[in-house]
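S.K.: with the sequence up front, the predicted model follows.
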Amino acid sequence: MQRTIEIRTDDLTGEATRRLIAFHLAGMHETSPAESVHALAIDALRHPSLSVWSAWIDGELAGVGALRAIDADRGEIKSMRVDDRFRGSGVGRAMLRHIMDEARRRGMSSLWLETGATVDFAPAQRLYESEGFTTCGPFEGYALDPFSIFMTRAL
């Protein structure tokens, strides 16, 4: 049975959201050296250039995602994380498409992202590739890093 995924703007005050973001950040530090971790903590996600959404299934937090405005034409996908209980249920794809739609609505012409390069991040890489993202070089302050893959997509 297909369950409905509800995506809504998140103000980062809810305990479930705060817990998932903390879990995401801790996981990044477990799989990458500190200098290679580009995930954002709650306070950084409150920056005015960022919009954050949460995905809910049957009243339970299933995932989060954010869009950072690099400039008027370009956006960066940040803090994409699906709760482990909901992996493989379409939450990541729904959030990614929501962010892409929102970027288009804002008049952006491209999206960019950084994700991990290790095997732990293979599902994320496959998701992004399946939605038209291709690998590229570092962008907007990032540097070459063996723990990072950079991707972009025209909208």
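M.R.: Looks like it came in fine.

S.K.: quick check on residue 123: phi, psi?
M.R.: Here is the backbone geometry of residue 123 (degrees, to the nearest 10): phi -60, psi -40.

S.K.: meant to ask about residue 50, not that
M.R.: Main-chain dihedrals, residue 50, degrees, to the nearest 10: phi -110, psi 140.

S.K.: can you check residue 111 too?
M.R.: Main-chain torsions, residue 111, degrees, to the nearest 10: phi -120, psi 150.

S.K.: what of residue 78?
M.R.: Main-chain dihedrals, residue 78, degrees, to the nearest 10: phi -130, psi 160.

S.K.: same check on the one 3 residues further on?
M.R.: For residue 81, the backbone dihedrals are phi -150, psi 130 (criterion: degrees, to the nearest 10).

S.K.: so where's this protein uncertain?
M.R.: 1-2 (pLDDT under 70).

S.K.: residue closest to the middle of it?
M.R.: Geometric centre of the chain, nearest residue: residue 80, 2.3 Å, by C-alpha atoms, centre = their mean.

S.K.: which residue, other than its chain neighbours, is closest to that residue?
M.R.: Counting by C-beta to C-beta, 6 or more residues apart in numbering, residue 80 lies nearest to residue 65, which is 4.7 Å off, once chain neighbours are set aside. For every residue, glycine as well, the C-beta is placed using N, CA and C.

S.K.: and residue 39, by the same measure?
M.R.: Take residue 39 and drop its neighbours on the chain: the residue closest to it by C-beta to C-beta, 6+ apart is residue 28, 4.4 Å away.

S.K.: counting contacts, what elements does the host helix or strand of that neighbour pack onto?
M.R.: Using DSSP states H and E, residue 28 maps to helix 15-31. For helix 15-31, the packing partners by 3 or more C-beta pairs under 8 Å, 6 or more residues apart in numbering; DSSP states H and E come out as helix 42-45, strand 60-69, strand 74-82.

S.K.: residue 137: what's it in contact with?
M.R.: Residue 137 makes contact with 144, 150, according to C-beta atoms under 8 Å, 6 or more residues apart in numbering.

S.K.: for the residue nearest to residue 39, grab the count of nearby residues.
M.R.: When neighbours are counted by other C-beta atoms under 10 Å, residue 28 registers 20.
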